[in-house]
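S.K.: need a 3D model of the following:
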Amino acid sequence: MHRWRYLVVAVLGSLTCVAFYLWLTMLSPFFYDRPDDLEAIEPGPHQVFVYGTLQYAPVRWLVYGRSGNPETAILQGYRRKGLDLVESPDTEVEGYLLTVNQTELARLDRYERLGQRYERQRLQLADGTRAWVYIRL
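M.R.: Numbering: from 1, shown residues only. Sure thing, here's the model as predicted:
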């Protein structure tokens, strides 16, 4: 019986360490300063196309505080290459369209390390919607 307790404590401790590491490196303000040359985020709703980890509700909840109401969406003329998108005329990427506010978009920028790892481009989706898309620098 004691072995199970140690195992449970070890697993919970490991999960806590992983969660803290992910928070510290991806969500906390400690290792990211928004570059000064980036434009300010406009108030109001923003459309964001996500195609990677942000497709998962628990990740969205951790990043900006809610899972949102994602709608399926398609970005034509691109293909996935690892964690990035590259232009590719006859291909498409399936993902989700999120509607976020100014604060939530800032949190997404921090998660994606806007200006350091990714840039945010406004692209047109297959249905004609224009949405922000994070493209790796």
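S.K.: so where does the closest residue to Ala73 other than its chain neighbours fall, helix or strand?
M.R.: Residue nearest to Ala73 in three dimensions, not counting chain neighbours: Leu97, with 4.0 Å by Cβ to Cβ, 6 or more residues apart in numbering. Just so you know, the C-beta spots here come from the backbone N, C-alpha and C atoms, and that holds for glycine as well. Element membership of Leu97, judged by DSSP states H and E, is strand 84-100.
S.K.: Tyr56: how many residues sit nearby?
M.R.: For Tyr56, the neighbour count with other Cβ atoms under 10 Å is 14.
S.K.: now it: phi and psi?
M.R.: With angles defined as degrees, to the nearest 10, Tyr56 sits at phi -100, psi 130.
S.K.: in the strand holding Leu97, what's buried?
M.R.: Judged by neighbour count using 16 or more other Cβ atoms under 10 Å, the buried positions of strand 84-100 are 84-85, 93, 95-98, 100.
S.K.: got TSV for these, with distance to Ala131 and pLDDT too?
M.R.: Formatted as TSV, the buried residues of strand 84-100 follow (distance: Cβ to Cβ, whole Å; pLDDT from 0 to 100):
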residue	distance to Ala131	pLDDT
Asp84	17	91
Leu85	13	95
Val93	12	98
Gly95	10	97
Tyr96	10	98
Leu97	6	98
Leu98	8	98
Val100	11	97
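S.K.: which among those residues gets closest to Glu71?
M.R.: Checking the buried residues of strand 84-100 against Glu71 by Cβ to Cβ gives Leu97 as the nearest, at 4.7 Å.
S.K.: per-residue pLDDT, the closest residue to Gly95 other than its chain neighbours?
M.R.: Sequence neighbours aside, Tyr51 is the residue nearest to Gly95 in space, at 3.6 Å (criterion: Cβ to Cβ, 6+ apart). For Tyr51, the pLDDT comes out at 96.
S.K.: so who does Tyr51 touch?
M.R.: 75, 80, 85, 93-96, 133 (Cβ atoms under 8 Å, 6 or more residues apart in numbering).
S.K.: again with Thr103
M.R.: Tyr64.
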